[in-house]
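Student: For reference, the sequence and a predicted model appear below.
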Amino acid sequence: MIEDIKNMPKIELHLHLDGSVNLDLASKLSNLPLETIKEKMVAKDKCQNLTEYLTKFDFPISLMQTKENLIKIAKTLIQDLENDNVIYAEIRFAPMQHINKGLSLDEIILAILEGLKSEEVKTNLILCLMRNHDYETNLNVINLAEKYLNKGVCAIDLAGDEIKYDINNFQKLFKTAKEKHIPFTIHAGETSSSTAVITAINYGAKRIGHGIKVVNDKQAKELIRQKDILLEVCPTSNVQTNVIDTYSHHPILNFYKKNIPVSINTDNRTVSNITLTEEYIKLYKNFNFTLNDFKQMNIMAINHAFITKEEKEDLLKKIQ
């Protein structure tokens, strides 16, 4: 079974670029020993909360301020995805976090797209608005997404600390995204309540990043089923950020059994010290998921990916 899991083609829809910077590459780029890099970039198995977990992004973001580094980081991520048998990935990042040394937003996008070029792994970018950024800054990201939509960018997202920054502050931005026909996912119901998930869906989100707080909310689950909203589930990350106490208590099995669309994701390969294959193995060991279950979740991921019908059909053939 373990070998079969390793070899099966996989889809990843919730993957942060800055949380997935290869450790060996980070060591080379910074001239720091690997052990120091691990301390700076890998979160504890159990953090106090999401806020503590998010501190592990500061160092990798500091390395992601030049075109050369962005290309190398994206290129190495593609190699890591290939090793994991990922055939399609939507990779998200916040462009505004990479302008500290003078790069323009266009230079940032083009550098990452250059690094992601691959025959083996198809990718698209999701551009993150940040909860701690002001309206104008986030509006710039929406305009950037519009410019590169279907040219390597497929959607936008809202990321950052859910507890500190209420989702209701962002309604106007998502209204603008809808008017520009930019698809979006929203981080909600990770540390915030299921009400935030309902709000995100009402804004027009087609997917929810995490969304695990809806597990005991019948109304929210019914809305998700009715509107066919996919939950981008990241089990290891949820245990680390202390929103789930132990892996075996993760609600993914509950969602799957109740016909709520879910996809399996790493969230942050480096910060969470996990590959997608390892995540599948943990799910198999904790919940007895079968290869067919994993296949069904990958089919759900494809059906909810921000790509064309033709691209979906092509991926479904590979999965089948």
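Tutor: Done, it's in.
Student: Going by C-alpha atoms from here, please, whenever you check contacts or count neighbours.
Tutor: Fine.
Student: immediately after the helix or strand bottoming out on mean pLDDT in the chain, which helix or strand?
Tutor: The weakest-scoring helix or strand in the chain, judged by mean pLDDT, DSSP states H and E, is helix 50-54 (a mean of 91). Later in the chain than helix 50-54, the nearest helix or strand by DSSP states H and E is helix 58-63.
Student: What separation do you get for residue 181 and residue 292?
Tutor: Residue 181 sits at a distance of 34 Å from residue 292 (criterion: Cα to Cα, to the nearest Å).
Student: Which one's more surrounded, these two?
Tutor: Neighbours per residue, other Cα atoms under 10 Å: of residue 181 and residue 292, the larger number sits with residue 181, 12 against 9.
Student: did I read that right, residue 65 in a helix?
Tutor: No - counting by DSSP: H, G, I helix; E, B strand; the rest coil, residue 65 is not part of a helix but coil.
Student: who's in contact with the closest residue in space to it that isn't next to it in sequence?
Tutor: Spatially, and ignoring its direct neighbours in sequence, residue 65 is nearest to residue 98 (5.1 Å; Cα to Cα, 6 or more residues apart in numbering). Taking Cα atoms under 8 Å, 6 or more residues apart in numbering, we find residue 98 in contact with 61, 64, 65, 108.
Student: Nearest residue to residue 101 in space, please, no chain neighbours.
Tutor: Distance criterion Cα to Cα, 6+ apart; nearest residue to residue 101, sequence neighbours excluded, is residue 65 at 5.8 Å.
Student: Pull the number of nearby residues for that neighbour.
Tutor: The number of residues packed near residue 65 is 18, by other Cα under 10 Å.
Student: Roughly how far does it sit from residue 78?
Tutor: The gap separating residue 65 from residue 78 is 19 Å, by Cα to Cα.
Student: got it, and residue 202?
Tutor: Counting by Cα to Cα - residue 202 and residue 78 are separated by 34 Å.
Student: Look at the two and report which has more neighbours.
Tutor: The neighbour comparison of residue 202 against residue 78 (other Cα under 10 Å) goes to residue 78, with 22 against 12.
Student: In a helix, that one, correct?
Tutor: Yes - assignment of residue 78 by three-state DSSP places it within a helix.
Student: Report the rounded mean pLDDT for the helix or strand harbouring residue 154.
Tutor: Using DSSP H and E, residue 154 sits in strand 153-159. The average of the pLDDT scores along strand 153-159 is 98.
Student: which residues touch that strand?
Tutor: With contact meaning Cα under 8 Å, 6+ apart, strand 153-159 is reached by 92, 124-131, 142, 145, 149, 182-187, 306-307.
Student: Which members of these occur in strands, if any?
Tutor: 92, 124, 125, 126, 127, 128, 129, 130, 185, 186, 187 (DSSP state E).
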